[in-house]
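**Student:** Sequence and predicted structure, then a few things I'm wondering about:
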Number of protein chains: 2
Amino acid sequence: MIRITVSYPNAEGKRFDQAYYQSTHRQLLMGRLAAHGLQRVEMDKALADGAGGQPAVVACAHMIFTDLAGFQAGMAAHGREIMGDVAQYTDIAPDVLISEMAP
Amino acid sequence: MIRITVSYPNAEGKRFDQAYYQSTHRQLLMGRLAAHGLQRVEMDKALADGAGGQPAVVACAHMIFTDLAGFQAGMAAHGREIMGDVAQYTDIAPDVLISEMAP
C-alpha cells in the first residue's frame, strides 16, 4: 500500500479550516478517488513536537492507496477539481511525501 | 486517537535498517506499549516527494495510541529500553510529531 502524506507547515498568519477539510474536502477525495484505490483518508491536527514544543506543521492528511498507479491515475483524472478545492480550507502550500507502507 | 509520527530525515552516509525495524523494533513497541493503548505501528519507506524528487525523509514510523496519557505512561515505563534499541537500526536523529487524529 502507498501513503500520500500532505503536510501543512506551521506559519504565522496562515489559515487552515479543519472543519471544512473533514466535512467537504475529505468527501471529495473519497468520492473521486475510491474508484482509483483510495482506501481511507486520515486527517491529523498537530499538537506538539517530541519535546512538547510548537509543532513544525499545523495538520497532516494521509491518503492510503492500494498502489501508486492508482494514485497517479486518480490525480490525472480528478487532480484539477481536487486542487481547486484546496483554497477553500487553507492558504498554506503543503509538502507532499509518497511512501510505501510495510506490510 | 493520537498519532506519534517518527520521521527519519534523509542524509548522506546515514543508515536505516528497515528489516530490523519490522522484525524486532516493531515487536518491542507492541510488546511493551499495547498495554498502554498502542493500537498499531505502521512503517513507511519514503519513495519520493510530490514532484517525484528525492524525499526529505528516509522512513516514517506511525504509532497510533488510544490517548496521549497512554503514550506518556508507556514511554515513562519503557522509554529507556525502547530508545536503547534505536541504535540497532539507525544512526539518524528522528523528528517526532504528536497529533490528534480526526474521528
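**Tutor:** That came through, no problem.

**Student:** list the buried ones in stretch A:31-43?
**Tutor:** For stretch A:31-43, a neighbour-count test (16 or more other Cβ atoms under 10 Å in any protein chain shown) marks A:32-33, A:36-38, A:41-43 as buried. From N, CA and C alone the C-beta is placed, and that goes for glycine too.

**Student:** what comes into contact with that stretch?
**Tutor:** The contact list for stretch A:31-43 (Cβ atoms under 8 Å, 6 or more residues apart in numbering or on different chains) reads A:1, A:18, A:21-22, A:26, A:29-30, A:59-67, A:70-71, A:73-74, A:77-78, A:81-82, B:3, B:101-102.

**Student:** if we can go back for a sec, just the buried residues of stretch A:31-43: which are in strands?
**Tutor:** Counting by DSSP state E, the buried residues of stretch A:31-43 place A:38, A:41-43 in strands.

**Student:** Which helix or strand contains the spatially most central residue of chain A?
**Tutor:** By Cα atoms, centre = their mean, chain A has its centre lying nearest to residue A:61, at 3.3 Å. Using DSSP states H and E, residue A:61 sits in strand A:57-65.

**Student:** Same question for residue A:19.
**Tutor:** Residue A:19 belongs to helix A:18-20, assigned by DSSP H and E.

**Student:** mind putting the buried residues of stretch A:31-43 in a markdown table, distance to residue A:94 and pLDDT included?
**Tutor:** Formatted as a markdown table, the buried residues of stretch A:31-43 follow (distance: Cβ to Cβ, whole Å; pLDDT from 0 to 100):
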| residue | distance to residue A:94 | pLDDT |
| --- | --- | --- |
| A:32 | 18 | 98 |
| A:33 | 17 | 98 |
| A:36 | 20 | 98 |
| A:37 | 21 | 98 |
| A:38 | 17 | 98 |
| A:41 | 14 | 97 |
| A:42 | 15 | 96 |
| A:43 | 12 | 96 |
